[in-house]
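>>> need a structure here:
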Amino acid sequence: MTRRAPALLAVCAALAVALALELGRRADRTGIAEPPVPPPAARSPVLARRTSDLPAQPGPPRWLAGTDSDGRIEIDAHGHFVPTREALRWLDYRVLAAGAAPLGATERAIAAELGRTLEPPARQEALEFLGHYVRLRQKSIDILDGKTGARSQREGFEQLRAARRAELGETLARELYADEDALMLLELDKQDLLGDPSLDADERARRIAALEGRLPQALYEARAAMRAPARLREEVAALRARGASDAEIFEARARATDRDAAERLAALDQKRAAFARALAGYLPERDALLADDSRSLAERESALESLRRARFDEADLPRVRALDEDAADSH
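Sure thing, here's the model as predicted:
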């Protein structure tokens, strides 16, 4: 069974603030366990990571494995392509699924797909929209890579907004990106407040809450839902620090979610505790085995794999092997 791409959606939401954060860093130098899924309005179709930050892999990122394509191409009753946020999401999915492939190559692949699946006049209209999308995505990369001369967070963001208007026109740019702009402006205003030394912690928190309260209701509720897992983790951590019992932690989780979710989290706690106990017993044995110079390298590796299988369930073996590889790399 395939699934929607929660990690993709979380990444796209994070891209809505990537420009502000990256430019800020440059200025200074000179589900419960599942990722939260933002609403369509919270996604960023054009802001992209720096090319050097993309995974160096030829195929789709691993977190896209088993997911369905996001978004859709819409055609009206007269056969015309309709430029919508859904179309942007459809393009986003394909660009992100291409991994580290050059943007030009990805554009050609998408164009070929549109050519195969659409009839005139929608085909040419969709291809023109793809051109706008790619140019805007390249613009965001150029801003992040410092190629546009942006000297501040806001200046970079305004460059991108101007590029959208030039590509799409004022009306369509506003329709497609109004919610994203609201989120971006919120992050920029928050950064100003966080950097204001005249504000104490309480006043800063009050002003940030007021900024968030001015968001459109749908975005405000979506942000609150996205933060709920983190708030619950913080609450549980505080309870544990005070010595709360398992029953108290269960009730806190049940209040924040429901009893079924609280039971799943309790089972996850038990599984993590069991793994930690097994790992604590395994590590000294592993280190002693690896230090045994009386065995050849192949013998030690074979014995180590036998030790892993004796101490851990099959599902935990990849994790243990990764920990062992990290330990080996650090030496």
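>>> Sketch out the low-pLDDT regions of the stretch 201-331 of the chain for me.
For the stretch 201-331 of the chain, applying pLDDT under 70 flags the ranges 329-331.
>>> Do a quick rundown of the helices in it.
With DSSP state H, counting those that start in this stretch as the criterion, the stretch 201-331 of the chain has helices at 201-213, 217-241, 246-256, 259-290, 297-311, 317-329.
>>> could those helices go into CSV alongside mean neighbour count and distance to R137?
To be clear about C-beta, it is placed using only N, CA and C from the backbone, and glycine gets the same treatment. Below are the helices of the stretch 201-331 of the chain laid out as CSV (neighbours: other C-beta atoms under 10 Å; distance: least, C-beta to C-beta, whole Å):
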stretch, mean neighbour count, distance to R137
helix 201-213, 12, 28
helix 217-241, 14, 23
helix 246-256, 15, 38
helix 259-290, 14, 37
helix 297-311, 13, 44
helix 317-329, 13, 33
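>>> Which of those sits closest to G115?
Ranking the helices of the stretch 201-331 of the chain by proximity to G115 (C-beta to C-beta) places helix 217-241 first, at 35.3 Å.
>>> Confirm for me that D179 is in contact with P216.
Yes - counting by C-beta atoms under 8 Å, D179 touches P216, with 6.8 Å between them.
>>> The two - which one has more neighbours?
Between D179 and P216, counted using other C-beta atoms under 10 Å, the more crowded position is D179 (21 against 13).
>>> so the more buried one sits in a helix?
Yes - assessed with DSSP: H, G, I helix; E, B strand; the rest coil, D179 lies in a helix.
>>> What segments of the stretch 1-150 of the chain are helices?
Going by DSSP H, counting those that start in this stretch, the stretch 1-150 of the chain shows helices at 6-29, 85-97, 103-117, 122-144.
>>> Mean pLDDT lowest where, among these?
Ranked by mean pLDDT, these bottom out at helix 6-29, which scores a mean of 40.
>>> Please identify the buried residues of stretch 190-203?
190-191, 193 (16 or more other C-beta atoms under 10 Å).
>>> If you could redo that for stretch 100-115, that was the one I meant.
101, 103, 106-107, 110-111, 114.
>>> Equivalent analysis for stretch 74-86, please.
Buried residues in stretch 74-86, counting neighbours by 16+ other C-beta under 10 Å, are found at 75, 81, 83-85.
>>> Go through those and name the one nearest E251.
Nearest to E251 among the buried residues of stretch 74-86 is R85, at 40.2 Å by C-beta to C-beta.
>>> Let me know the distance separating that closest one from L91.
From R85 across to L91, the span is 11 Å (C-beta to C-beta, to the nearest Å).
>>> Then P216?
24 Å.
>>> Also H132?
10 Å.
>>> Got phi/psi on A100?
When read as degrees, to the nearest 10, the backbone of A100 gives phi -90, psi 10.
>>> okay if I get the buried residues of stretch 190-203 as CSV plus pLDDT and distance to A228?
Shown next, in CSV, are the buried residues of stretch 190-203 (pLDDT from 0 to 100; distance: C-beta to C-beta, whole Å):
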residue, pLDDT, distance to A228
K190, 93, 19
Q191, 92, 24
L193, 95, 23
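>>> ok, those vs Q270, which is closest?
Q270 lies nearest to K190 out of the buried residues of stretch 190-203, by C-beta to C-beta, at 38.3 Å.
>>> List the contacts of the closest one.
When contacts are counted by C-beta atoms under 8 Å, 6 or more residues apart in numbering, K190 touches 208, 211.
>>> and it, what helix or strand is that in?
Applying DSSP states H and E as the criterion places K190 in helix 170-194.
>>> could you give the angle of that helix to helix 217-241?
Angle of helix 170-194 versus helix 217-241, following axes from the mean of the first three to the mean of the last three C-alpha atoms, to 10 degrees, is 30 degrees.
>>> all numbers from here: first residue = 57
Let's use 57 as the start, then, which means that last one is helix 226-250.
>>> Which parts of helix 226-250 count as buried, going by neighbours?
Those would be 228-229, 232-233, 235-247, 249, for helix 226-250 by 16+ other C-beta under 10 Å.
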